[in-house]
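**Student:** Mind folding the following:
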Amino acid sequence: MGFLESTRQNIRRAGRLDFASAGQAQLPLPRVGYLSKIHIHVTGTMDVTLGGGTATLSEKGPWPLLRRVRYQIGSGTELFNTSGYGAFLVDLMSKLGYEADDGQVSASFASQIYNAPTAAGANAWDFHLTIPIVPNDRDLLGLILLQAEGTVTNLLLEWQVPYGITQDFPVVVTGAATAAFTGRADIYLETFTVPAELENQAPLDRVHQVLEQVSYIGAVGDNTVKLLEENTYLRILHSIEVNGLLNNDALESMQFRYNVTDVPYDIDRQMKLYLQRRDYVRDFPKGLFYWDFFNQGYPNYGGDRDLVMASGLAELESILRIASGTSRGANNNV
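**Tutor:** Numbering: from 1, shown residues only. Presented below is the predicted three-dimensional model:
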């Protein structure tokens, strides 16, 4: 027998983290089993006061209510560290799933996973996120043995201020409009039991890491994103914002390059949008373009063929060419 034949899945509630505007909440995870996913369910009331102004939901949906989502192990090693919207994009790309062609949640599931109105008065908000500790349900590489001696892991949620004038706030306001949120995040852990026999236990020699960084678009033409020359890359996501808004049209083409002269991918915007739709049978939210080395016929279920072993490379970069004539704002092009 092996690990998969000797274990079973468990999904159980681990606790709650209450909302605190611009604050941080931390949940030490119980030391039971192998951790594979963390599921987050945010509920509460968004109380909107217009005061002659306007209030709309961010084009990034309700996810900016979570300014940062972090999962730490040991003395601060981060296996997951993204914005709330970034966590949504990672979750979105991990499956064929339930998304409609416009990037929003399909109607039949709307009340279950995404509900965030912004009318004047009290609005019930309800949305979900999943943090992948392992890449998918088949490749259980990266399982964390929570009950190992000396292992301490924490989930940290950094909450955003409920309203602001940019799309990085969940409620975007003009004039004297304001919003206040009262609510919480319920945390569920997806774990696997530890087999009794040592030879059937899961390998723990590698971890799955998801990190987000911000790179500024300095000008039209080529903008180079330098990537860490370590670890093995499964996927790279680019979410392009121009003048503070998610933007598809600003991208003219994109190129992936390593060792200075090796260019396995060089694709213009229209072809990339077509290939993304072909892979996932839907369009993604505006501004999302990706390199997916772990898709060989089914999203997020690949082999080693195209993975990028970054350690030892002389150079590793993704180059985004911004079209000439693109109207950029001040310090809000990323």
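
**Student:** Can you give me every residue that contacts the residue nearest to residue 86 when sequence neighbours are not counted?
**Tutor:** Excluding its sequence neighbours, the residue lying closest to residue 86 (C-beta to C-beta, 6 or more residues apart in numbering) is residue 212, at 4.4 Å. Placement of C-beta: from N, CA and C, glycine included. By C-beta atoms under 8 Å, 6 or more residues apart in numbering, residue 212 lies in contact with 81-83, 86.

**Student:** again, but for residue 78
**Tutor:** Residue 78 sits next to 70-72, 209, 211 when contact means C-beta under 8 Å, 6+ apart.

**Student:** and if you look at residue 94?
**Tutor:** Residue 94 makes contacts with 130, 132, 135-136, 299-300, as judged by C-beta under 8 Å, 6+ apart.

**Student:** Quick check, pLDDT for it.
**Tutor:** Confidence at residue 94, expressed as pLDDT, is 84.

**Student:** Tell me which stretches of the stretch 51-200 of the chain form strands.
**Tutor:** Along the stretch 51-200 of the chain, counting by DSSP state E, counting those that start in this stretch, strands occupy 54-57, 66-73, 77-82, 114-115, 121-132, 144-145, 153-159, 163-164, 171-174, 178-192.

**Student:** between those, which gets the lowest average pLDDT?
**Tutor:** Averaging pLDDT over each of the strands of the stretch 51-200 of the chain puts strand 114-115 lowest, since it has a mean of 83.

**Student:** helices or strands up against it?
**Tutor:** strand 121-132 (3 or more C-beta pairs under 8 Å, 6 or more residues apart in numbering; DSSP states H and E).

**Student:** let's see it at 6 Å
**Tutor:** If you count contacts as 3 or more C-beta pairs under 6 Å, 6 or more residues apart in numbering; DSSP states H and E, strand 114-115 packs onto no helix or strand.

**Student:** so how far is that strand off the chain centroid?
**Tutor:** 17 Å (C-alpha atoms, centre = their mean, to the nearest Å).

**Student:** So what are the sheet partners of that strand and their directions?
**Tutor:** strand 121-132 (antiparallel) (DSSP bridges).

**Student:** and the partner strand, which residues are buried?
**Tutor:** 123, 125-132 (16 or more other C-beta atoms under 10 Å).

**Student:** and the helix or strand hosting residue 290, how far from the chain's centre?
**Tutor:** Element membership for residue 290, per DSSP states H and E: strand 288-292. Taking C-alpha atoms, centre = their mean, one finds the center of strand 288-292 at 13 Å from the center of the full chain.

**Student:** residues in contact with the closest residue to residue 177 other than its chain neighbours?
**Tutor:** Spatial nearest neighbour of residue 177, excluding adjacent residues (C-beta to C-beta, 6+ apart): residue 53 at 3.3 Å. Residue 53 makes contacts with 173-177, as judged by C-beta atoms under 6 Å, 6 or more residues apart in numbering.

**Student:** can you confirm residue 272 is in a helix?
**Tutor:** Yes: residue state for residue 272 (DSSP: H, G, I helix; E, B strand; the rest coil) corresponds to a helix.

**Student:** who does the closest residue to it other than its chain neighbours bridge with?
**Tutor:** In space, residue 272 comes closest to residue 289 once its chain neighbours are excluded; the distance is 5.7 Å by C-beta to C-beta, 6+ apart. In this entry, residue 289 is beta-bridged to residue 238, by DSSP bridges.

**Student:** what about residue 289, distance to residue 223?
**Tutor:** Note on residue 289: its distance to residue 223, by C-beta to C-beta, to the nearest Å, is 13 Å.

**Student:** where does this structure have its least confident helix or strand?
**Tutor:** Sorted by mean pLDDT, DSSP states H and E, the helices and strands of the chain end with helix 107-113, the least confident at a mean of 57.
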